[in-house]
Structures are given as C-alpha cells and as structure tokens.
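>>> Sequence first, then the predicted structure:
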Amino acid sequence: MRISTAGIFDASINQMNSLQGQMAKTQMQLSTQKRLLTPSDDPVASARALEVTQSQAMNEQFATNRTNARNSLAQEDGALSNVANLLTNVKTLVVRAGNPALSPADRNSLATELEGRLTDLIGLANTTDGSGTYLFSGYEVKTAPFTQTATGATYNGDQGERELKIGPSRMVSISDSGSAIFENNVAAKGTFKAGAAAGNSGGATLDSSIILDRSQLTGHDYAVKFSVTGAGTTYDVIDNSQSPAATVKSAQPYVDGDPIVFDGLQLTVKGAPADGDQFDVNAIKKQSVFTTLQDLVQTLRTPVSGTNGQTALANALAVANDNVTTAMDTALTVQSSVGVRLQELDTLDTAGDQLDLQYASTLSDLQDLDVVKAISMFSQQQQALDAAQKSFKVMSGLSLFNYIG
C-alpha cells in the first residue's frame, strides 16, 4: 500500500489538531470548574440546568419582594404603634377633662392640647416611606390621604390595598386603607347628629343637643315634629328606627327655649317653628377618629352651667372616651394583622432559603466538574499528543532521499 507524503502530513496534522482541541476543552473545564461549556456537551443536562436556573432567579426575586414587603409593613407597624400611643394619651386627657373642679380656662387649655393631638394624628395618618409613598392612601400613593377640616379630616385616597407576590402562589398586602383604619370605627351609643330638616319654613333653630343620661340611650334615629294650630304649638317625638315608626312623645306643648328631653337626649329649640317643621336626631354608626377628636375639642369649649350642664359634659366625655377606645382598638387590630403578615414573611424566607439550597445542589450535580477525573483526562490527552508529535517526527523522516547519497 502506497501512502503519499502529503497524506501522512494531513493525517498527522488533523490528529494533532483534534488532540489539541480536546486538551483545550479539558483545560477550559478545569479553569471554569464547569462540566458543561456548551449545550452540546450534554443537551439533556443543559436543558434541565436552564430550568433550574430560571426557578432559582424567580426564587431570588421573591426574596427581594419579601424584603420590600417587610420594609413597608415595618413602617406601617411603627406608624400604627405611634397612633395607639397618641390615642392612649388622648384617653388620659379625657379623664382629666372629667374633673368637675376644672375651670372653663382649664378645659379650654385641654381643648388646645387636644387640637395639637389631632394635628399629630393627621400627620401620622399621612406617614410616607423613604420614597415619598403614602402608607395609608390605598392606590393613590402620591396623594396625602387626609386633609384637616373644620369637622376633623377628609379622606383623599381610595380603598385599595397594595400587594406584592412573595411566593409562587402567595400575595401579601403591604398597605392598608386609611379609611378602614381611621374612619371605619364603630361609634359609641350616644354618638349622634342633630339638625333642622331641609324643608323647614319657620324661624325655629336648634340651640343645643346634649346627652343627659347614657343609661337611657337607644342609638335610634328620631324626629321632633311640630304642629301649629289655633290652640298653640305642640311637638311629637318619633322613633324612626322602629318599624313602623313609634311615637315616643305626643302633642307636647312647645315653649321657646325650653329643653325637649327623650331617651337620654336633650334638644333645645329657639324661635317659632312653622306647622310641619321638624328636627332630626340621627345616630351615627361609624365615625372618623378625627371627627371624634374635633367633637371632643368642641365639647370642652362649650360653656357648662348647672347640674344639667355638668351631667351633659360627663356623658359627652364618656361617649368620646368610648369612641377613642374603639378607634384605638381598630388601630391595634390592623397592627396585629401587620404582625401576622410579617411573621408569614419570616416563614417564607426560611422556605425560600431551603429552596435556594436545593436549586444550588441540583445545579452543582448538573454542571460542576469532577476535578480529579478531569485532571486524569488532561494527563492522558497530553500523553497522547506527545506520542502523536513524536510519531509524526519519525513518520516525516521516512523518505528515500534520506538513504540516497
């Protein structure tokens, strides 16, 4: 069999190039400590490694979301703690205001202090995080939730609760609506609003409305309706909360400025009503804590005279104290909910760390190099290349020209 010199050279060069390529690949594996350099090295393992890498990236994103959620909830927890402390201070002021030895100036001083507490409370309700996002405005994160008004404060946000995905199948609320915390408080029995009906045509006005006896309060809605005849002016007190409406007092003679007393309440009407005029007394079912504080300020600044005045003040303070207690309970309930969510984040963090270890272990099994085996392979490839180079030297010397002469 005749082998050309060119054939010998081509075959030898190809073989040495192949051996050098194998050595280069092994050397790259050793330098990167990875068995898989390209998908073609092991298509099945490469596909599985890609899936695991994607799952690991999602797990890392969930961990980042949990960190962000924890920061937001921690800020909310701190704000609610401050709200509870402030309302506790307000309750202390209410108790002090009930001291019958206080002078009007003393009560006015307490009212001024309560105005400061109201301003502080609105400030807490408008708490922001480090990026200027309002905690209690729902989805309206760039709008201040509350604006102070003459009757307390108005809510400018919405009812939304912002959420973050903290796990493959778990969303968590990272905020609470300011309306639910500060406005959705069950009002104490005796929290009411009195005023003239819209269709009144006479000259009668409501001078005052107070609580005389808390033990008689019903929490119902009433109407005081006047009748004007040739015999004089009378009024009926109608309980609209009953079905059908029930008459509490009927055809009572009306005297300008005399108190109208029923079911623990007292209304004072002045002036001459027209026939059919009425004054409504409606129980308030829900009341904003800001309205509670504003009403309390007004109560303390209202002059007190006589036994009835002291009794009315004591009852009004008792109702205000109940409303403040309800508001504080609401804040503490939401704070407890925040604590539960923070606890869940801790639990998911532990599970996420364990899952990350599993992903790392799986990737190691799929991608990592057996260093001892690779070094042994590299030595074998080096020896094979050395043998190929030496044999090429011998083969390239097999020429008849070496024997002529």
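Yes, it's here.
>>> Can you show me the strands along this protein?
146-149, 152-155, 163-167, 170-173, 185-186, 192-196, 205-211, 222-229, 232-239, 246-253, 259-262, 265-270, 278-283, 286-287 (DSSP state E).
>>> ok, now which ones touch the spatially closest residue to Val83 that is not a sequence neighbour?
Nearest residue to Val83, sequence neighbours excluded (CB to CB, 6 or more residues apart in numbering): Ala331, at 4.7 Å. Glycine gets a C-beta too; all of them are placed from N, C-alpha and C. For Ala331, the contacting residues are Leu80, Val83, Ala84, Leu87, Ile181, by CB atoms under 8 Å, 6 or more residues apart in numbering.
>>> redo that, cut-off 6 Å
Leu80, Val83, Ala84 (CB atoms under 6 Å, 6 or more residues apart in numbering).
>>> What count of nearby residues applies to the first one?
Leu80: 26 surrounding residues under other CB atoms under 10 Å.
>>> Look up how far Gly78 lies from the closest residue to it other than its chain neighbours.
Nearest residue to Leu80, sequence neighbours excluded (CB to CB, 6+ apart): Gln335, at 4.1 Å. Applying CB to CB, to the nearest Å, the value for Gln335 to Gly78 is 10 Å.
>>> do the same with Leu357
33 Å.
>>> Those two - which one has more neighbours?
The residue with more neighbours, out of Leu357 and Gly78, is Gly78; 15 against 10, by other CB under 10 Å.
>>> what about Gln343, how many residues close to it?
10.
>>> can you list the domain ranges for the protein.
What automatic domain parsing lists as the domains of the chain is 55-188+317-354, 192-283.
>>> Redo these as CSV? Include mean pLDDT and distance to Arg301.
What follows is the domains of the chain, written out as CSV (pLDDT from 0 to 100; distance: least, CB to CB, whole Å):
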stretch, mean pLDDT, distance to Arg301
domain 55-188+317-354, 92, 5
domain 192-283, 93, 13
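>>> Pipe those into CSV and attach distance to Gln382 per row.
Below are the domains of the chain laid out as CSV (distance: least, CB to CB, whole Å):
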stretch, distance to Gln382
domain 55-188+317-354, 36
domain 192-283, 95
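>>> Of the ones you listed, which is nearest Gln294?
With CB to CB as the criterion, Gln294 lies closest to domain 55-188+317-354 of the domains of the chain, at 4.4 Å.
>>> measure that closest one end to end?
Domain 55-188+317-354 has an end-to-end distance of 13 Å (CA to CA, to the nearest Å).
>>> Can you give the distance from it to the centre of its chain?
8 Å (CA atoms, centre = their mean, to the nearest Å).
>>> Residue numbering should commence at 306 henceforth.
Right, with 306 as the first residue, what we last looked at is domain 360-493+622-659.
>>> Could I get the contacting residues of the one residue sitting closest to the centre of the chain?
Geometric centre of the chain, nearest residue: Ser480, 1.3 Å, by CA atoms, centre = their mean. Ser480 makes contact with Leu440, Glu466, Arg467, according to CB under 6 Å, 6+ apart.
>>> separation between the residue nearest to Val388 and Gly537?
Counting by CB to CB, the gap from Ala636 to Gly537 is 52 Å.
>>> what does Ser520 give?
Distance from Ser520 to Gly537, by CB to CB: 33 Å.
>>> Also Gly326?
119 Å.
>>> Ok, Asp600 next?
Taking CB to CB, one finds Asp600 at 35 Å from Gly537.
>>> between these two, which one's more packed in?
Under the neighbour definition other CB under 10 Å, Asp600 and Gly537 were set side by side, and Asp600 has more, 19 against 10.
>>> mind checking pLDDT for the more buried one?
Note on Asp600: pLDDT of 92.
>>> and if you look at Phe697?
64.
>>> report the longest helix in the chain, please.
If you go by DSSP state H, the chain has its longest helix at helix 611-672.
>>> could you give the angle of it to strand 497-501?
Counting by axes from the mean of the first three to the mean of the last three CA atoms, to 10 degrees, helix 611-672 lies at 120 degrees to strand 497-501.
>>> contacting residues for Leu423?
Contacts of Leu423 (CB under 6 Å, 6+ apart): Leu598.
>>> Show the end-to-end separation of stretch 503-511, please.
13 Å.
>>> Show me what that stretch is in contact with.
Taking CB under 6 Å, 6+ apart as the rule, stretch 503-511 contacts Ala501, Val574, Lys575, Gly576, Ala577, Pro578, Ala579, Asp582, Phe584.
>>> My guess is Lys554 contacts Val542. True?
Yes: counting by CB atoms under 6 Å, Lys554 does reach Val542; the two are 4.1 Å apart.
>>> Which residues are in contact with each of those two?
Joint contacts of Lys554 and Val542 (CB under 6 Å, 6+ apart) are Phe567.
>>> Which one of these two is surrounded by more residues?
Val542 (22 against 17).
>>> My read is that the more buried one contacts Thr552, right?
No: checked against CB under 6 Å, the pair Val542 and Thr552 is beyond contact range at 7.1 Å.
>>> Buried residues, stretch 514-530. List them.
Within stretch 514-530, the residues that qualify as buried are 514-517, 519, 522-523, 525-530, counting by 16 or more other CB atoms under 10 Å.
>>> Of all pairs in these, which one is the farthest apart?
Top of the distance list for the buried residues of stretch 514-530 (CB to CB): Arg519 and Lys530, 25.4 Å.
>>> Okay, Asp463 and Thr448: tell me how far apart.
Applying CB to CB, the value for Asp463 to Thr448 is 9 Å.
>>> Report the beta-bridge partner residues of Val586.
Beta bridges link Val586 to Ala499, Tyr527, judged by DSSP bridges.
>>> Likewise for Ser478?
Glu468.
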